[in-house]
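Visitor: need a 3D model of the following:
(chains A and B)
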Amino acid sequence: MPSPSQTVERAKPLLGTRVAVRVNGLSAEAAHKAIDAAFAEIATVHALMSFHETASDVSRLNRQAHLEPVLVDERTYEVLRRAQIASAASDGIFDITVAPHLVSRTLLPQPKDASTPDGTADWRDIALLPGNRVFFGRPLWIDLGGIAKGYAVDRAAEILLAFAPSQIFVNAGGDLRVAGCEDERVLLDAGHDDRNALPTVDISNGSLASSNGRAHIDTRNGAGCSARRFVSVMAPSCTDADALTKIVMARGADSAPSLSRFGAWAVLYEEDSGWQKIAGSA
Amino acid sequence: MRAIFHLLPIAALTISVPAHATVYLTVEQAQALMFPGASLTPTFLTLTDAQVSAIENASSTSVRDRTLRAWRASTGGWFITDEVIGKHDYIPFAVAIDANGTVKGVEILEYREAYGGEVRNPQWLAQFTGKKNGDDIRDGESIRNISGATLSSKHLTDGLRRLLASYAVALANR
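Guide: Down below sits the predicted model:
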């Protein structure tokens, strides 16, 4: 039936969006096995890190971690570790303790049975203890919505690469990762219509994540971003790309030092000034 | 990582750039994947008024199409196809339900993606017609990947809820 070098691509509704996975260079049977495993991993990451599901690691942390250290899955621990690095690299512009602001704006539901968060708590109150245990110095609520989607994409990519395909592509609602020798061309949909040019990125062996200016919060005072912006970040990992979009959204061109620390760069679109490139030598 | 940003001049683009359709799986491929080794017998139904209201009440969604496209699997369970309204177009999808009424899997069968808000504007689309072979675009190849405002899968989850209600109302006791 199929030739060994065919392309197999499938898509499922996961992570609150459409997740598409494509592999090249495997038999159809191996390709479907790889894609099944990648989708299963994404579903697991979602179940661990959902703010909405009461049994998730995130919900357990929000209920208990200020009372006693809570044991979490190693994947949740890894995302928390990466989130803390992004917070440190941005002086807290990226901060997963933003959840109470998102709840008060009804962007997230009120968590069940969680203590009232301390309004002064921030990312520095999260202690990552040995043995995948997590403790909060004050009552606080975390939301991993700004980083877990990118991590799910990275995990799916790792699962696929274990099957040794020639090329892979994972796209979770625009947060994507490419591996293999070929470039992928990605169209950036900034939600505006330029009659003269289409913004695109050709990317190989890397990740791209995009974000637009609605529903993003500046955590220092809980105020929303003022400018209507569209941001795409290119980074080696999708976890970092996903987190960095929030930093570029808030800081614009001033985010260049943060981007460089991750080997990342960005393009930013603003209605007044058009497209600009931030950081990176590419 | 290697990544390069371009602003591609629209005049140089091929016709297929602004919208892209991906067929992930045909109905037959999805059936083989979700019910391996089974034979599937089409059992298409036209829902009655009473069934439609029962489904709408149970799922808090509206039934747009009274035809329930269901196949009975020889190994037990049902395969159903339906479509929901996406950002720009209908999204066909398939659901596999096992003999106990549990969802075994969901596959999006096809996705038509469009770029920007202007794609609905015939004049804007017309400028692509007949344009061929720009230097920057491989001839005849469209851009299949788009990164932008996150697409919500709410319509898909609503559609899935509607099909589970349809199963309970019209298929479970057959």
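Visitor: going by C-alpha atoms from here, please, whenever you check contacts or count neighbours.
Guide: OK.
Visitor: residue A:137: how many residues sit nearby?
Guide: 17 (other C-alpha atoms under 10 Å in any protein chain shown).
Visitor: so who does it touch?
Guide: For residue A:137, the contact set (C-alpha atoms under 8 Å, 6 or more residues apart in numbering or on different chains) comprises A:66, A:125, A:126, A:127.
Visitor: give me that answer again for 6 Å
Guide: Residues in contact with residue A:137 (C-alpha atoms under 6 Å, 6 or more residues apart in numbering or on different chains) are A:66, A:125.
Visitor: where does chain B dip in pLDDT?
Guide: Filtered on pLDDT under 70, chain B yields the residue ranges B:10-20, B:87-88, B:113-144, B:149-152.
Visitor: again, only using 90
Guide: B:6-23, B:61, B:64, B:84-91, B:100-104, B:110-161, B:173-174 (pLDDT under 90).
Visitor: which parts of it are strands?
Guide: B:2-9, B:19-23, B:40-42, B:45-46, B:67-73, B:78-85, B:90-97, B:103-108, B:110-114, B:145-148 (DSSP state E).
Visitor: and residue A:58, how many neighbours does it have?
Guide: The burial count for residue A:58: 23, using other C-alpha under 10 Å.
Visitor: distance of it from chain B?
Guide: Distance, residue A:58 to chain B, using C-alpha to the nearest C-alpha, to the nearest Å: 22 Å.
Visitor: tell me the phi and psi of the closest residue in space to that residue that isn't next to it in sequence?
Guide: In this structure, residue A:58 finds its nearest non-sequential neighbour in residue A:49, 5.3 Å apart by C-alpha to C-alpha, 6 or more residues apart in numbering or on different chains. Backbone torsions of residue A:49, given as degrees, to the nearest 10, read phi -110, psi 10.
Visitor: OK, contacts around residue A:49?
Guide: Going by C-alpha under 6 Å, 6+ apart, residue A:49 touches A:56, A:57, A:58.
Visitor: send me the host helix or strand of the last one as PDB with only the CA atoms.
Guide: I take that to be residue A:58. Counting by DSSP states H and E, the element that carries residue A:58 is helix A:57-64. C-alpha atoms of helix A:57-64 as PDB (Å, rounded to 0.1, in the frame of the first residue of the first chain):
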ATOM      1  CA  ASP A  57      -1.100  18.900  39.200                       C
ATOM      2  CA  VAL A  58      -1.800  22.600  38.800                       C
ATOM      3  CA  SER A  59      -5.100  22.400  40.700                       C
ATOM      4  CA  ARG A  60      -3.500  20.300  43.400                       C
ATOM      5  CA  LEU A  61      -0.700  22.900  43.800                       C
ATOM      6  CA  ASN A  62      -3.200  25.700  43.900                       C
ATOM      7  CA  ARG A  63      -5.100  24.000  46.700                       C
ATOM      8  CA  GLN A  64      -2.200  22.600  48.800                       C
END
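Visitor: so for it, what gets flagged as buried?
Guide: A:57, A:58, A:59, A:60, A:61, A:62, A:63, A:64 (16 or more other C-alpha atoms under 10 Å in any protein chain shown).
Visitor: tell me which other helices or strands it touches.
Guide: On a contact count with 3 or more C-alpha pairs under 6 Å, 6 or more residues apart in numbering or on different chains; DSSP states H and E, helix A:57-64 meets helix A:28-49.
Visitor: got the buried residues for the helix it packs on?
Guide: A:28, A:30-32, A:34-36, A:38-39, A:41-43, A:45-49.
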